[in-house]
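Participant: test case, fold it:
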Amino acid sequence: MRRAAARTLAGVFSLLLLLAAATDAAAYPLDGYDSTGINRLRAYDLARDWLIRTGTLVPGSLWGMDRVKLRLADGEPFDLPTPDEAFTAQVRSLIGEHAKHYGVTVLDLSDPKRPRYADVNGGSIQNPGSVGKIVVALGWFQALADRYPDDTEARARMLRKTVITANRFVNRDHHVVPFWKPGQAAVIRRPLQEGDSATLYTFLDWMCSASSNAGASMLMAELVLFREFGAEYPLSPEASAKWFDETPKAELTRRLADALQSPLRSNGLDPAKLRQGSLFTREGKKILPGTNSVSTSRELARYLLLMDQGRLVDRWSSLEIKRLLYLTDARIRYASAGALNDSALYFKSGSLYGCKDEPGFKCGQFMGNRINYMNSIALVETERKDVSLHYIVTVLSNVLRKNSAEQHERFGGKLHELLLSEHATPSAPY
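Facilitator: Okay, the predicted model is just below:
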């Protein structure tokens, strides 16, 4: 029966994965359906053999729940160390002539006794784009822990059982998300629409995997409601709409900021260096106004470090966030570097570009000539006979008129090859 279902889905996936490659890659271990109820995981798991044969799933995407662990949770907590000048120079040389337009941090943890840190313009501030969705995830897991401080199963149950319905906050978004139910022969990818219902876990997956702006905006609005109404949450659609319409805009802005920024502070992060200030959809911003969003590659690296140490809220929350960031589909941008195929990646990417008239230049996606932000964060784990790598890399760039997706891919491959050459067993090829 499993093979028949996989064959049935295979033809559908051939079309869907073309769409996936053009948007954002999916996350969470494929064997996580029983824990989360995220239907996408069951569908992809059924089609696993076909996805491997077509090269869509690479070896590093096939780790199960038991292999996705917090590698630093049992050690003594530490912060980013002082930058290593020699390592920083190596990283800067990999970036090349446009280094001044980058903010890059690399924390090499492959030798646990001697972590190395490279920092190239790590304090430069840039809008995080979709990378800011990791702040929304932190906000939710902090809110769940505040409500159920000693009961992780109650938190998981709420994520699995609480169903919310997409409303006006989803308008408009071009990102597509997967829809599938057991027994269906097809997975359909389309933008979220008003009336679509799913669990909180599924919305988190849509936000982190498909990078759905609509999904993220719904979660931000629901987070404000969850914090406001506590045990009365979830509200009916009518009660929710009434509350947002009748609460003064200035008060809504304050509550949104508190919902997203207080978890950053309580977890040792600086909202002046990492902050998601507003919703991701135009209509959502009108209903629930926010502020600006900022990030630095250094503070993004601290987020990933705290996560792997189990210090984002607590161990359970940190592990769930790490699972939500685990890539289990077609790899894009930084993550698409072939050198990374056998590595597990915990990844988020975001881009913003802007155009202006320029004779002889065709402006477009990833190739802005006014702004051309590309942001990538990754925690990379490589387990091979000849080498074990464990490192964090965060990249913010604003190189005009260059394809930023290709630039990040090239840097990701070169950095990985550098670390392989330094850590591989001398007698073994890498």
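Participant: and the residue positioned nearest the centre of the chain, which of the three is it?
Facilitator: Nearest to the centroid of the C-alpha atoms of the chain, with distances taken as Cα atoms, centre = their mean, sits residue 348, at 3.3 Å. With DSSP: H, G, I helix; E, B strand; the rest coil as the basis, residue 348 sits in strand.
Participant: hey, what's it bridged with?
Facilitator: Note on residue 348: beta-bridge partners residue 377, judged by DSSP bridges.
Participant: what of the one 5 residues further on?
Facilitator: Residues in a beta bridge with residue 353, per DSSP bridges, are residue 372.
Participant: burial of it, as a residue count?
Facilitator: The number of residues packed around residue 353, counting by other Cβ atoms under 10 Å, is 20. Where you see a C-beta, it was placed from the backbone N, CA and C, and this is true even at glycine.
Participant: and residue 302, what element?
Facilitator: In this structure, residue 302 sits in helix 297-308 according to DSSP states H and E.
Participant: and the next helix or strand past that helix?
Facilitator: As assigned by DSSP H and E, the chain's next helix or strand after helix 297-308 is helix 315-324.
Participant: tabulate the CA atom coordinates of that next one in PDB.
Facilitator: Output of helix 315-324 as PDB, limited to C-alpha atoms (Å, rounded to 0.1, in the frame of the first residue of the first chain):
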ATOM      1  CA  ARG A 315      15.300  22.500  25.700                       C
ATOM      2  CA  TRP A 316      11.900  21.300  24.400                       C
ATOM      3  CA  SER A 317      11.300  24.700  22.700                       C
ATOM      4  CA  SER A 318      14.800  24.900  21.300                       C
ATOM      5  CA  LEU A 319      14.500  21.400  19.800                       C
ATOM      6  CA  GLU A 320      11.200  22.100  18.200                       C
ATOM      7  CA  ILE A 321      12.500  25.300  16.700                       C
ATOM      8  CA  LYS A 322      15.500  23.400  15.300                       C
ATOM      9  CA  ARG A 323      13.200  20.800  13.800                       C
ATOM     10  CA  LEU A 324      11.100  23.400  12.200                       C
END
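Participant: now the angle from it to helix 297-308?
Facilitator: Angle of helix 315-324 versus helix 297-308, following axes from the mean of the first three to the mean of the last three Cα atoms, to 10 degrees, is 120 degrees.
Participant: for helix 315-324, give the mean pLDDT please.
Facilitator: Taken as a whole, helix 315-324 has a mean pLDDT of 98.
Participant: which residues sit against it?
Facilitator: 27-29, 32, 65, 68-70, 73, 134, 137-138, 141-142, 144-145, 152, 155, 204-205, 208-209, 306-312, 346, 379 (Cβ atoms under 8 Å, 6 or more residues apart in numbering).
Participant: leaving out the residues flanking it, which one is nearest to residue 257?
Facilitator: residue 291 (6.2 Å; Cβ to Cβ, 6 or more residues apart in numbering).
Participant: and for the one you found, the neighbour number?
Facilitator: By the measure other Cβ under 10 Å, the count of residues near residue 291 is 16.
Participant: same deal with residue 360?
Facilitator: Residue neighbour count, defined by other Cβ under 10 Å, stands at 4 for residue 360.
Participant: got it, and residue 178?
Facilitator: 24.
Participant: again with residue 219
Facilitator: The local packing count at residue 219 equals 26, with neighbours defined by other Cβ under 10 Å.
Participant: the residue nearest to residue 257 touches residue 279, doesn't it?
Facilitator: No. Here residue 291 lies out of contact with residue 279, judged by Cβ atoms under 8 Å, at a distance of 11.0 Å.
Participant: the strands in this structure, which residues?
Facilitator: Secondary structure of the chain, counting by DSSP state E: strands at 102-108, 116-120, 163-165, 177-179, 188-190, 197-199, 274-275, 294-295, 344-354, 371-383, 388-398.
Participant: want to try JSON lines for these, with distance to residue 128 as columns?
Facilitator: As requested, the strands of the chain are exported to JSON lines (distance: least, Cβ to Cβ, whole Å):
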{"stretch": "strand 102-108", "distance to residue 128": "11"}
{"stretch": "strand 116-120", "distance to residue 128": "18"}
{"stretch": "strand 163-165", "distance to residue 128": "24"}
{"stretch": "strand 177-179", "distance to residue 128": "21"}
{"stretch": "strand 188-190", "distance to residue 128": "25"}
{"stretch": "strand 197-199", "distance to residue 128": "25"}
{"stretch": "strand 274-275", "distance to residue 128": "7"}
{"stretch": "strand 294-295", "distance to residue 128": "4"}
{"stretch": "strand 344-354", "distance to residue 128": "6"}
{"stretch": "strand 371-383", "distance to residue 128": "6"}
{"stretch": "strand 388-398", "distance to residue 128": "8"}
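Participant: wait, which of those strands is closest to residue 287?
Facilitator: Counting by Cβ to Cβ, residue 287 lies closest to strand 163-165 out of those; the figure is 15.4 Å.
Participant: which other residues reach the closest one?
Facilitator: 195, 196, 197, 198, 199, 200, 203, 218, 222, 234, 237.
Participant: show me the residues you listed that map onto helices.
Facilitator: 200, 203, 218, 222, 237 (DSSP state H).
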